[in-house]
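>>> Below is the structure, and that's it, no one-letter string:
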């Protein structure tokens, strides 16, 4: 039987060969997943032998990760904001960049609630795992949340995450606004925004495994922004906010589209790397 120390070293070597930049971190995450031990225990029990069944499972996970299968899909979960979300190949993996959108939307909701006693209606469009809307619901339990996506498989993941945190929300399968009704105080959206020609240049983890429908934003990456803005005014209350995540080079283009559709007070928010990441405006 292999020891903890051997498996950690072997895991690093194999991940290094695959070009993984985070081999020291990911080898221990995979071994933690298999054994149920935390990393401090693994470090201090290097000579402990691991059962053949767990050793085999570790090798299986390691092989898949070395083929660039995303770590989060292997584990079945991803960390986002203060929470953990179920994920699989039907949803985009939540990323730190998207936390910028949630943090801003959270601040807007808090400000509006100072002067409004009614429950706010919030729509998370193209919700995927539901990580944006569910995070906002965790921070503001009194909002009325709707989560929508064109993919039923994605909405099954959304529903699992709502159940995980014992939250209530409307879950609607819809191609953007097709099956939605009523008006919202805020629409938050991380739409597909990658230019089609760029997709082949993405990391294998992304282009080979994450859902293409959540990535492909059309020839210029702006297809979904256009489609959403063409109808958003019909679904937003006066003063309602439209908040998008964007690609790092799309700030001006999306801002111009918002202006074209008569949104006001349009701003671009940068991420922690200093890149454009969120654009918003209100009616």
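Alright, I've got the coordinates. For clarity, every value in this text was computed on a predicted model and none was experimentally measured.
>>> can you give me the offset of the longest strand anywhere in the chain from its chain's centre?
For the chain, the longest strand by residue count, based on DSSP state E, is strand 236-245. Centroid displacement of strand 236-245 relative to its chain, using CA atoms, centre = their mean, to the nearest Å, is 20 Å.
>>> Okay, now the sheet partners of it, with direction.
strand 184-189 (parallel), strand 276-282 (antiparallel) (DSSP bridges).
>>> quick one: the strands in this structure?
77-80, 83-86, 121-125, 144-149, 170-173, 184-189, 236-245, 264-270, 276-282.
>>> Report how many residues lie close to the closest residue to residue 69 other than its chain neighbours.
In space, and not counting its chain neighbours, residue 69 is closest to residue 209: 6.1 Å by CB to CB, 6 or more residues apart in numbering. In short, each C-beta sits where N, CA and C put it, glycine included. Look at residue 209: counted by other CB atoms under 10 Å, it has 15 neighbours.
>>> Quick test: name the residue nearest the centre of the chain.
Residue closest to the average C-alpha location in the chain (CA atoms, centre = their mean): residue 94, at 2.4 Å.
>>> what sits against that one?
78, 79, 80, 85, 87, 129, 131 (CB atoms under 8 Å, 6 or more residues apart in numbering).
>>> Closest one to residue 161 out of those, please.
residue 85 (5.1 Å; CB to CB).
>>> For beta bridges, what are the partners of that closest one?
residue 78.
>>> could we number from 580 for the rest of this?
Taking 580 as the first residue, the last one we looked at is residue 664.
>>> can you pull the contacts of the closest residue to residue 857 other than its chain neighbours?
Leaving aside its sequence neighbours, residue 857 sits nearest to residue 848 (CB to CB, 6+ apart; 4.1 Å). Residue 848 makes contact with 679, 683, 855, 856, 857, 858, 859 under the criterion CB under 8 Å, 6+ apart.
>>> how about 7 Å then?
For residue 848, the contact set (CB atoms under 7 Å, 6 or more residues apart in numbering) comprises 679, 683, 856, 857.
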